[in-house]
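Trainee: From the sequence below, what's the structure:
(chains A, B, C and D)
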4 protein chains.
Amino acid sequence: MRDQSSAPVGSAFGRFLFMTTQNAAPELLVEKWFNTDHPLTLSGLRGRVVVLAAFQVLCPDSIASGVPQARRIYETFAPSDVTVIGMHTTFEHHDAFNSAVLKAFIQEYRLKFPIALDQPNAAGPIPHTMERYKMRGTPSLVLIDRHGMVRKHAFGAVDDLRIGAEIGALTQEAAAAIAHSSAA
Amino acid sequence: MRDQSSAPVGSAFGRFLFMTTQNAAPELLVEKWFNTDHPLTLSGLRGRVVVLAAFQVLCPDSIASGVPQARRIYETFAPSDVTVIGMHTTFEHHDAFNSAVLKAFIQEYRLKFPIALDQPNAAGPIPHTMERYKMRGTPSLVLIDRHGMVRKHAFGAVDDLRIGAEIGALTQEAAAAIAHSSAA
Amino acid sequence: MRDQSSAPVGSAFGRFLFMTTQNAAPELLVEKWFNTDHPLTLSGLRGRVVVLAAFQVLCPDSIASGVPQARRIYETFAPSDVTVIGMHTTFEHHDAFNSAVLKAFIQEYRLKFPIALDQPNAAGPIPHTMERYKMRGTPSLVLIDRHGMVRKHAFGAVDDLRIGAEIGALTQEAAAAIAHSSAA
Amino acid sequence: MRDQSSAPVGSAFGRFLFMTTQNAAPELLVEKWFNTDHPLTLSGLRGRVVVLAAFQVLCPDSIASGVPQARRIYETFAPSDVTVIGMHTTFEHHDAFNSAVLKAFIQEYRLKFPIALDQPNAAGPIPHTMERYKMRGTPSLVLIDRHGMVRKHAFGAVDDLRIGAEIGALTQEAAAAIAHSSAA
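Mentor: Now for the predicted structure:
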């Protein structure tokens, strides 16, 4: 498993050295939403920090670390500031999985944050959102800043302390931008 | 146990609503230092975020949660950006404790960050730094910003995700301030 | 949740006071077996201690405690002495579950001990083995002695130390019986 | 760390193959007792299973695994059947340790079972009981059967399930012996 976040957080060289990417986040492609009245889009969430947590019900690491961490992030930050989105990226066990499994899973684990079922891809086993983000597997965690840029993309377990620091840092960016504007 | 950090992190009302205090951090009063060539002072650390982690060797919650979390913070952030200081605030079991106990403890737990033995108070059982900070007990965690202000003061266990977010947010402040200056 | 094993283990009053039942174990009714070349029967396992661990893939407590404990029991005792059988008792989420889910689950969690899919009941949601054993839900743990008697029946999480003691005690019974015989 | 209990429990070859030793347990040599009105001796405990748990306050593994396991054993078994004795074997950090440290430790961790301070040895750093038992370090766990024989001697962490099984098996021995007698 490759964890892209092994470097110390923070640096004399720049504010976001610990952030590993700087690309525009592709829009989500979703077959079905749970825990939300209306479909969510990244463009509609511009201005908020977005935490995209990819998982699978039949992936032990997703159940042991990915999903519980997504829940803790959801419970720690104000949703209007940091929006957590679960994304079930079904890229294996297609014969075993169906949306009723995901629905029952969400109910049993009492998950309250919005969860999407990634859109299947007729051309292969990798669903569309997973493919667009070039995720290596599950669990994967993507941090998207207030401007819609991908600032972190991690595969596998990530420390709470580090991911907390990175989200906390991202929440401060807009304020800085506003400060810039008002100082201008 | 009173946990001062139960409110959601972040808010539409301000950048640091989750920070609970805004007072100048009193200087440390120390009897003896470990893991540092020279005594540390908060004034000498101005410009860095400082994490002050108070603990006691004979306090079960310190051993189970406070000290391991201080170690994780130390291992996550660059010391030149976020400085972790352990502070042994001996306010009970004075007959049992001595500095050789602390020395052996640091060695056995392989702690690498600077650790201070709080200065005893001839007037009573509460040592000087603990008294100045009005700590309620151990473990206690104090976050001090780059300008020497106390921004959080928690007693008891604190979630890694939340404390990571708060430290991460504090690390961004100086950059914002510099941006202000250069924008002026 | 009712845990039937809250009394201290052992007693001056009898060898197995901590055992809560003493009924003949009903034979298993199974739709499909995994991890075994041939169907297992309790009658065929007479002479061994049998640990019957009921679980469901979509039951959080089963995943967090029941299944991992069954695995640890399997890894601790010699299978020829203590046989662990997992039993998927599908009594809810019938629309979501199918045997392919169980097959994928066993593969992903790398479970090596024999696992049965409880036989569905045309008359209602509770499958046959679960009904015969009057299980209250999942996870449930049943200890069956060398003579085919149910000696413990617990619903919910059970301490490793206690369940270890109970299995360890049961493994000693046959030897005592043999001693009896040879002494006669 | 050498863990002497890596073989599967139980066997076709004998009842106690998993037990690693079969020597008479040396009597305890104790400087000071806590949590008991009178000094305990192994000879006075004949007829009971005795769990001897050696630890040190300044040993991280003792605090993380040894002492909590001793507490769980104490809480699981009836003391009249299985007697747990903690033994502080001070073989290092003699300058840091004193009996007041142990007293405060017992109080803070709310330990209720009898705890002994091993008798210092004028001839060297290893206290007398530790030397008699040839313990390799802390934590060490010794199981003594109803006849005063050492049946297990482990250094380092031991699984709850395995140690539970071994204690559970030992509790059954006396009953078997009684059965022998009455059958004769």
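Trainee: alpha carbons only for contacts and neighbour counts from here, please
Mentor: OK.
Trainee: tell me the SS of the nearest residue to A:His94 once chain neighbours are set aside?
Mentor: Of all residues not flanking A:His94 in the chain, A:Pro125 sits nearest, at 8.0 Å (C-alpha to C-alpha, 6 or more residues apart in numbering or on different chains). Under DSSP: H, G, I helix; E, B strand; the rest coil, the three-state class of A:Pro125 is coil.
Trainee: Correct me if wrong: A:Pro125 contacts A:Glu92.
Mentor: Yes. Counting by C-alpha atoms under 8 Å, A:Pro125 touches A:Glu92, with 6.9 Å between them.
Trainee: before we move on, back to that, quick one: the residue nearest to A:His94 and A:Phe91, what's the gap?
Mentor: Noted for A:Pro125: a distance of 5 Å to A:Phe91, by C-alpha to C-alpha, to the nearest Å.
Trainee: likewise A:Pro60?
Mentor: Relative to A:Phe91, A:Pro60 is positioned 14 Å away (C-alpha to C-alpha).
Trainee: And for A:Glu173, the neighbour number?
Mentor: By the measure other C-alpha atoms under 10 Å in any protein chain shown, the count of residues near A:Glu173 is 20.
Trainee: With A:Ala123 instead?
Mentor: Using other C-alpha under 10 Å, A:Ala123 has 8 neighbouring residues.
Trainee: Repeat that for A:Ala154.
Mentor: 23.
Trainee: Now it. Its backbone dihedrals?
Mentor: Dihedral angles phi and psi of A:Ala154 (degrees, to the nearest 10) take the values phi -120, psi 140.
Trainee: Likewise for A:Glu166?
Mentor: phi -70, psi -40.
Trainee: Distance of it relative to chain C?
Mentor: 29 Å (C-alpha to the nearest C-alpha, to the nearest Å).
Trainee: And A:Pro114, by the same measure?
Mentor: For A:Pro114, the distance to chain C equals 19 Å [C-alpha to the nearest C-alpha].
Trainee: Also A:Phe155?
Mentor: Remark: distance between A:Phe155 and chain C (C-alpha to the nearest C-alpha) = 18 Å.
Trainee: distance of that residue from A:Arg72?
Mentor: A:Phe155 is 18 Å from A:Arg72, by C-alpha to C-alpha.
Trainee: host element of A:Thr129?
Mentor: helix A:128-132 (DSSP states H and E).
Trainee: which other helices and strands contact that helix?
Mentor: When contacts are defined as 3 or more C-alpha pairs under 8 Å, 6 or more residues apart in numbering or on different chains; DSSP states H and E, helix A:128-132 sits against strand A:115-118.
Trainee: now with 7 Å?
Mentor: Using 3 or more C-alpha pairs under 7 Å, 6 or more residues apart in numbering or on different chains; DSSP states H and E as the contact test, no helix or strand touches helix A:128-132.
Trainee: List phi and psi for the residue nearest the centre of chain A.
Mentor: Residue closest to the average C-alpha location in chain A (C-alpha atoms, centre = their mean): A:Leu52, at 1.2 Å. Recorded main-chain torsions at A:Leu52 are phi -100, psi 110, according to degrees, to the nearest 10.
Trainee: pretty sure it contacts A:Asp145?
Mentor: No. Between A:Leu52 and A:Asp145 there is no contact, the gap being 11.2 Å when judged by C-alpha atoms under 7 Å.
Trainee: bridging residues for A:Thr83?
Mentor: With DSSP bridges as the criterion, A:Thr83 is bridged to A:Val50.
Trainee: Near it, how many residues? Count them for me, please.
Mentor: Neighbours around A:Thr83, by other C-alpha under 10 Å: 19.
Trainee: Wasn't A:Pro79 part of a helix?
Mentor: No. Assessed with three-state DSSP, A:Pro79 is coil; it does not lie in a helix.
Trainee: For it, give its distance to C:Thr89.
Mentor: Distance, A:Pro79 to C:Thr89, using C-alpha to C-alpha: 38 Å.
Trainee: Which one's more surrounded, those two?
Mentor: C:Thr89 (29 against 19).
Trainee: ok, and the closest non-adjacent residue to the more buried one?
Mentor: Residue nearest to C:Thr89 in three dimensions, not counting chain neighbours: C:Asp118, with 5.2 Å by C-alpha to C-alpha, 6+ apart.
Trainee: for chain A, which spans come out with low pLDDT?
Mentor: By pLDDT under 70, the low-scoring segments of chain A are A:1-21, A:174-184.
Trainee: and if we set it to 50?
Mentor: Applying pLDDT under 50 to chain A flags the ranges A:1-17, A:175-184.
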